[in-house]
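K.L.:
what would the 3D arrangement of this be:
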Amino acid sequence: MSASTVLYMDHAATSPLRPQAREAMLATFELGANASSVHSLGRKAKMIVEEARAQVLDLVGGHGAKLVFTSGGTEANNLALHQARVRDNITHLIISYGEHDSIYTAANYVGKPVLKWPLLPSGLADLEALKALLAQVEGKAFVALMLVNNETGIIQPVAESAEIVHAAGGWLHVDAVQAAGKINIDFEALGVDSLTLTAHKIGGPVGVGALVYNSDHTIIPMITGGGQEQGLRAGTENVAGLAAFGAAALEAQLCERLPQQTSTEEALKELGARIIGEDVARVSGITCLAVPDWSSQLQLIHMDMAGICVSSGSACSSGKVKQSRVLNAMGLENLSGGVLRISTGWSSQPTDWERFFEVWSGGYEAFRARQSTKLNIKEQA
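P.N.:
Purely as a prediction, here's the structure:
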């Protein structure tokens, strides 16, 4: 099967590199200079880094905020968690059950008590539960909440959470990796303390990310050594990657929900699939479906053999197919083993949804026919 015949519907894992980002990278590779050098080419490289910083900040309306570039979303999330580790006044971490593993798992290594913040059956974070958890904390809490869940596409109540957290004197960190390019992000309006982005979700390269933070805060570095990134992240700057990140940020337009996605979801429901989060606000381009009988692994094998790339949820689990922690937290344990995530992006076409449904529905009907045949044979025996 050639690459040209493969249908890519896994943008939530990684969105293909935009032409503008590729061009920015190639131009910077030709420059071939270190942004910390004081000669003319070094100064030109430094200008590219600072231009990218402004472009990425503009993507999230962070005109009064600051930004430190990282190697990706995972490092940015860990840098945010590092602020909880080194601050004596932060005594607890409150982590929502919907967080990415770079927060959910990494929080256990901070060295302070971790409280788990439940989700409602709708998939939204439970704000009343947050208030109760904050009331248990002696001292201040570091709280983490995704802006858009990477498995379901559900938009979380971040601004409301920020008010609650700040009333208790805490720090709210937001993983906005899946939100960028899908919804409007206004750092100031959200009122958060820090926010994570990564380039490869918006058509930039893998290996580049950023932590945006409130300019009133002082960030304590996690990687020390040289004075790069205002002394906040040691290591030679990935100038080409940052240039491409900036170019992708410039090109990232808000995705409009295609009617084909809506009609596909309706057709999936007619076949017995459940669309996760359908009753709350979700971003365009992510559909999370679940069925109780056809396992995620079998669905993935069927789709892959037909040349369609989708996933069973988060792609950051070392290629493993496992039950969805997010669906379990929503009380959907009976469905968490049969999840499929379909995600589109800048290079997708409206007809992609039609091809997806044709292949998936054919596979599901064939699977159910086989199960029915097995049941009849068993009953006759």
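K.L.:
relative to His92, how far out is Ser102?
P.N.:
To His92, Ser102 is 19 Å away according to CB to CB, to the nearest Å. Where you see a C-beta, it was placed from the backbone N, CA and C, and this is true even at glycine.
K.L.:
strands of this structure, residue ranges please.
P.N.:
Applying DSSP state E to the chain gives strands spanning 7-8, 66-70, 90-96, 114-117, 140-144, 171-175, 194-198, 209-213, 274-275, 286-290, 308-309, 339-343.
K.L.:
for the first one, packing partners?
P.N.:
Think strand 7-8. Using 3 or more CB pairs under 8 Å, 6 or more residues apart in numbering; DSSP states H and E, the elements in contact with strand 7-8 are strand 308-309, helix 351-380.
K.L.:
single out the most deeply packed of these.
P.N.:
Compared across the helices and strands packed on strand 7-8, strand 308-309 shows the largest average neighbour count, a mean of 18 (mean count of other CB atoms under 10 Å).
K.L.:
strand partners (parallel or antiparallel) of that one?
P.N.:
Each strand paired with strand 308-309, and its direction, by DSSP bridges: strand 7-8 (parallel).
K.L.:
chain center to the partner strand: distance?
P.N.:
Centre-to-centre, strand 7-8 and its host chain are 19 Å apart (CA atoms, centre = their mean, to the nearest Å).
K.L.:
return the most buried member of the strands of the chain.
P.N.:
strand 194-198 (a mean of 29).
K.L.:
quick one: closest of the strands of the chain to Cys255.
P.N.:
strand 286-290 (9.4 Å; CB to CB).
K.L.:
so what does the closest one touch, helix or strand wise?
P.N.:
Checking 3+ CB pairs under 8 Å, 6+ apart, strand 286-290 ends up next to helix 259-270, strand 274-275, strand 339-343.
K.L.:
so which of the ones you listed is nearest Val208?
P.N.:
Taking the helices and strands packed on strand 286-290 one by one with CB to CB, strand 339-343 is closest: 20.1 Å.
K.L.:
okay, Thr74 and Ala248: tell me how far apart.
P.N.:
In terms of CB to CB, Thr74 sits 18 Å off from Ala248.
K.L.:
the two - which one has more neighbours?
P.N.:
In terms of neighbours (other CB atoms under 10 Å), Ala248 is the more surrounded of Thr74 and Ala248; the figures are 31 against 19.
K.L.:
circling back: go through the helices and strands packed on strand 7-8 and find the least confident stretch.
P.N.:
For these, mean pLDDT drops lowest on helix 351-380, to a mean of 88.
K.L.:
elements contacting that helix?
P.N.:
Contacts defined by 3+ CB pairs under 8 Å, 6+ apart place helix 351-380 against strand 7-8, helix 259-270, helix 296-305, strand 308-309, strand 339-343.
K.L.:
return the set of buried residues in the second one.
P.N.:
By neighbour count on 16 or more other CB atoms under 10 Å, the buried set for helix 259-270 is Gln260, Gln261, Thr264, Glu265, Leu268.
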